[in-house]
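In: Any chance you can model this:
(2 chains)
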Amino acid sequence: MALSQKKYLCFTCLKESNDPIECTNCGAKIEELNMDAEFKPPVHGRLVIIVPSDKEAVVNEISSVVTHYNQKLFDNASFSNDKGNVVIDCTDVASERIIELLEEEIGEGIKQFKFEFQQNKP
Amino acid sequence: MTERLGGKAGSFKTADDIERIIASVDPSRGLQLKDAIDIISKGAKSKTGAIAQSPFVKDAPVGQYAIFFGPSRDKLLHVIHGEVLPNRTVRMFDPQNGQAVSVDDLLSLRIKWGGQKDSPIIPIYIRGND
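Out: Numbering: from 1, shown residues only, chains lettered A, B, ... in the order given. Have a look, this model is predicted:
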């Protein structure tokens, strides 16, 4: 006797799984759609980092981190530097990720700099 | 407003069109997935309920899809337009930047919006091409 099979959508491989727990195509966990999920499109703006004049060597490190971020996450945050005021044109989402990368690369020393994300005016 | 398939697939709107004509999706509104689907459905003039459905399976219904990206299924950041054509090919388009999206681009979109190569993609069937 043929059994009717209900298919389960896998949000990882976008195929239909025969198993309700683990995807029979890619092995990922099958999860239910969450209609209450937060939908929060990023807002564009600029991450401003104030670098003290005696710490200007770190500006090159910030530039490298932005380049690394763009390559790693296929984004296009742009870096500019005006007398120690580093400005990174990016989204709020990119801003959070760039700060995380800076903390990884520069360590505790990053805490002495002032960060501010300024949203573009509509 | 961008017309697609000579208007046979319904008028297709850019993200700016949706913002201007239907509703704002500004983060301050605290939208949830159901709200975003409702806004897109209004934009697409859908007369049927939206369902989670992959456009990449062989029996995917012909029509319009919204494809969401984010770091988890509980947090979504980006949405693109998908379309299954009568010959079962899938076209995708990013209404934020006007770029066509290929299947190969899905990996970079997962990484960009989800931060991981296996971050979730939530495909929603919005309406048929009537």
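In: So which residues on chain A come close to chain B?
Out: Neighbours of chain B within chain A, by CB under 8 Å from any CB of the partner chain: A:9, A:11-12, A:14-16, A:28, A:31, A:33-43, A:72-75, A:92-93, A:97. Every residue, glycine included, has its C-beta placed from N, CA and C.
In: Residues in a beta bridge with the closest residue to residue A:77 other than its chain neighbours, which ones?
Out: Residue nearest to residue A:77 in three dimensions, not counting chain neighbours: residue A:90, with 3.7 Å by CB to CB, 6 or more residues apart in numbering or on different chains. In this entry, residue A:90 is beta-bridged to residue A:45, by DSSP bridges.
In: Now do the contacts for residue A:90.
Out: The neighbourhood of residue A:90, defined by CB atoms under 8 Å, 6 or more residues apart in numbering or on different chains, consists of A:44-47, A:75, A:77-78, A:98.
In: Could you pull out the strands in chain B for me?
Out: In chain B, the strands defined using DSSP state E lie at B:2-3, B:11-12, B:51-52, B:63-69, B:75-76, B:78-84, B:90-94, B:99-101, B:121-127.
In: Now tabulate those in a markdown table and tack on mean pLDDT.
Out: Listed next are those as a markdown table, based on pLDDT from 0 to 100:
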| stretch | mean pLDDT |
| --- | --- |
| strand B:2-3 | 42 |
| strand B:11-12 | 56 |
| strand B:51-52 | 89 |
| strand B:63-69 | 94 |
| strand B:75-76 | 95 |
| strand B:78-84 | 93 |
| strand B:90-94 | 92 |
| strand B:99-101 | 91 |
| strand B:121-127 | 92 |
